[in-house]
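Colleague: coordinates only, no sequence provided:
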């Protein structure tokens, strides 16, 4: 977001910013590394969210009732 606003403030930067961010457009290994990094970071975030959600549901079912898990699983939005 900051880079985008900086680029809008100084239009001359729009020529060399892509060259810095993507040094080799013809090399497939660079794209593979970037996609691998993006996929691993997305999977990390998803696993953290899943772990927090599972912990929250476990604590809620212990304090209230196990029926809260059934209603959580049946909810269409959650699925």
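Modeller: Done, it's in. Predicted model, so just to flag it, every value in this text is computed and none were measured.
Colleague: low-confidence ranges, this structure, go.
Modeller: Confidence mapping of the chain against pLDDT under 70 gives the ranges 23-26.
Colleague: one more pass at 50, please.
Modeller: Judged by pLDDT under 50, the chain has no weakly predicted residues.
Colleague: most remote residue from the middle of it, which is it?
Modeller: Largest separation from the mean C-alpha position in the chain: residue 65, at 32.3 Å (CA atoms, centre = their mean).
Colleague: and it, how far is that from residue 71?
Modeller: 10 Å (CB to CB, to the nearest Å). Just so you know, the C-beta spots here come from the backbone N, C-alpha and C atoms, and that holds for glycine as well.
Colleague: re the thing from before, where does the residue farthest from the centre of the chain land in three-state SS?
Modeller: coil (DSSP: H, G, I helix; E, B strand; the rest coil).
Colleague: phi, psi for it please.
Modeller: phi -160, psi 160 (degrees, to the nearest 10).
Colleague: how close does it sit to residue 76?
Modeller: From residue 65 over to residue 76 (counting by CB to CB), the distance is 21 Å.
Colleague: again with residue 59
Modeller: As judged by CB to CB, residue 59 and residue 76 stand 24 Å apart.
Colleague: ok, the two, which is more surrounded?
Modeller: More neighbours surround residue 59 than the other of residue 59 and residue 76, with 10 against 5 (other CB atoms under 10 Å).
Colleague: which residues touch the more buried one?
Modeller: Not one residue lies near residue 59 by CB atoms under 8 Å, 6 or more residues apart in numbering.
Colleague: surely residue 17 is in contact with residue 8?
Modeller: No - if you go by CB atoms under 8 Å, residue 17 and residue 8 don't touch, sitting 11.4 Å apart.
Colleague: ok, the two, which is more surrounded?
Modeller: Neighbour count, other CB under 10 Å: between residue 17 and residue 8, residue 17 has more, with 15 against 10.
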